[in-house]
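> Just need the structure, nothing else, for what follows:
(one chain, ligands or ions: 1)
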Amino acid sequence: MRMSETGLSALVSPPIRIGQIGLAGGIGPLHLTEQEKNPNFTTVAGCDNRLEDPNVARQAERITFAGGKIYGDYQSLLRDPRVEAVCIAVPHFLHREVAVAAFQAGKHVLCEKPMATHPDECRLMLQARQAAGKVGAVQMQHVGRSSMLNLRKALHGGAIGKIKEVFLSSLWWREDSYYGRAAWAGKKMMQGQWNLDGVMFNQAVHFINQSLILASPGEFPVVAGARDLRVALYRFHDSSELELEDTAIVQAMLDTPDHPRLTMVATTCARQERHMIELLGEKGRALWNGSGYLLVDGQPEVEFHDDARDFEGNMRTFNSFALAIRTGSVPITDFSQIVKTTEFIFSCYEKAGWNIKKAPWAATEHLPALFQRVSTGRVLPGELDTPPDWA
Ligand SMILES: NC(=O)c1ccc[n+]([C@@H]2O[C@H](COP(=O)([O-])OP(=O)(O)OC[C@H]3O[C@@H](n4cnc5c(N)ncnc54)[C@H](O)[C@@H]3O)[C@@H](O)[C@H]2O)c1
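Sure, this is the predicted structure:
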């Protein structure tokens, strides 16, 4: 059995020969670290279109040091017969193009979130995967955490009875300068392609997906659809680079047998980052905020914690991708699951008529109280008894 330097044993043999597309930036280096320490992978190639950039060059050296090849364009990497799978960590607007080309070249694909930002693009990715007979998974590192899987099992074993309400609060903090860090940051379109880099597709996508999975019964991975959407989108940041929402307030009915109502607030304007999914049922409630909690009426609280291994990089997502390639199992973040999350978020833009209201930055200090009122009343800000004057 092959062991890595970290002493982790391999699940598959031989290891997956992977090519990393997108080397620097926020996430590429973390994927390289994962591949270096994970005995299920060997990085045989890497590619970036900015090889002259010192930061990119530093990451490229990590691959050449281990015997891998470096390319300046992804098409060349896809022609390398040693590469059997790719890990895509390029901006949103390139996900579909690169993933489809990878499938056409006969490679398996692990794509960064969001899978793509238009449902039609996701469908093209699914079709290309189908035609190639390869594995397609999305890098969503929170999916498959033991705290979440075990809570979901209890919920769908009937622990709180019928699920009536789902509340999602996904609060992030990003400075104005965050939207100037890359040309694609905060943009609706890039090079004529959908990019949709607002809070829903960039940050909250993890927890939107997680909420939909928690509320959905059935064999994992299953994700509910949504209907009867009501949406209010706002832009508080004073950055000319940000074209989309930094704050989203959404209500919907989920298409599960219980038909719970979902109320969601998401923002990058919260000084205290915090993520909480709450499910109210007939017999109690459940919370997930990184740990899972079950509060059934008249019974002691039950907690669900993560396995220590859940936090070794992105290991679960990567490992399930490796297992799917070698054994034919379904990866925990299979394309077919995540496409529902893209449909949900894209529908929010359509429902809002692509109307993103500019709101004053000073008002962000009132956002936590506003979110509380919106959640309690299950209304949009404009429908509160005393709506904010920007709503
Ligand atoms: N899962 C997470 O928690 C997480 C965290 C951060 C980013 N992401 C996702 O990862 C993706 C990349 O984000 P980022 O912040 O690292 O972006 P970035 O723009 O900072 O970096 C992207 C990298 O890809 C390279 N690149 C761009 N176009 C390319 C092309 N045509 N061919 C080859 N290389 C190209 C860039 O040179 C850069 O090195 C996005 O989809 C983002 O949403 C996920």
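> got the residues of the stretch 1-150 of the chain near the ligand?
Within the stretch 1-150 of the chain, the positions near the ligand by C-beta under 6 Å from any ligand atom are 21-28, 47-50, 56, 74, 89-92, 94, 112-113, 139, 141. (Glycine included, C-beta is placed from N, CA and C.)
> Just the buried ones out of the residues you listed, please.
Buried members of those, scored by 16 or more other C-beta atoms under 10 Å, are 21-25, 27-28, 47-49, 56, 74, 89-92, 94, 112-113, 139, 141.
> Which ones among the residues you listed map onto strands?
Among these, the residues falling in strands (DSSP state E) are 21, 47, 112, 139.
> pLDDT and distance to residue 127 for those residues - can I get that in JSON lines?
As requested, these are exported to JSON lines (pLDDT from 0 to 100; distance: C-beta to C-beta, whole Å):
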{"residue": "21", "pLDDT": "98", "distance to residue 127": "20"}
{"residue": "47", "pLDDT": "98", "distance to residue 127": "24"}
{"residue": "112", "pLDDT": "98", "distance to residue 127": "20"}
{"residue": "139", "pLDDT": "95", "distance to residue 127": "21"}
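> what stretches of the stretch 101-250 of the chain score poorly on pLDDT?
221 (pLDDT under 70).
> now residue 388, nearest residue through space, not along the chain?
With C-beta to C-beta, 6 or more residues apart in numbering as the criterion, residue 388 has its nearest non-adjacent residue at 5.9 Å, and that residue is residue 381.
> Distance-wise, check that neighbour relative to residue 111.
If you measure residue 381 against residue 111 using C-beta to C-beta, to the nearest Å, the figure is 34 Å.
> So for these two, which sits in the more crowded spot?
A count of neighbours by other C-beta atoms under 10 Å puts residue 111 above the other of residue 381 and residue 111, at 26 against 22.
> partners of that one in the sheet?
residue 88, residue 138 (DSSP bridges).
> wait, isn't it in contact with residue 139?
Yes - checked against C-beta atoms under 8 Å, the pair residue 111 and residue 139 is within contact range at 6.7 Å.
> Show the contacting residues for residue 245.
Contacts for residue 245 were tallied using C-beta atoms under 8 Å, 6 or more residues apart in numbering; they are 198, 199, 200, 233, 234, 235, 356.
> In strands only, show me these.
In this view, the contacts of residue 245 that belong to strands under DSSP E are 233, 234, 235, 356.
> quick one: residue 130 from the ligand, how far?
As judged by C-beta to the nearest ligand atom, to the nearest Å, residue 130 and the ligand stand 23 Å apart.
> Report how many residues lie close to that residue.
Residue 130 has 13 nearby residues by other C-beta under 10 Å.
> With respect to the ligand, which of the ones in strands among the buried ones among the residues of the stretch 1-150 of the chain next to the ligand is nearest?
The closest of those to the ligand turns out to be residue 112 (C-beta to the nearest ligand atom; 3.6 Å).
> Kind regards, and thank you for your time.
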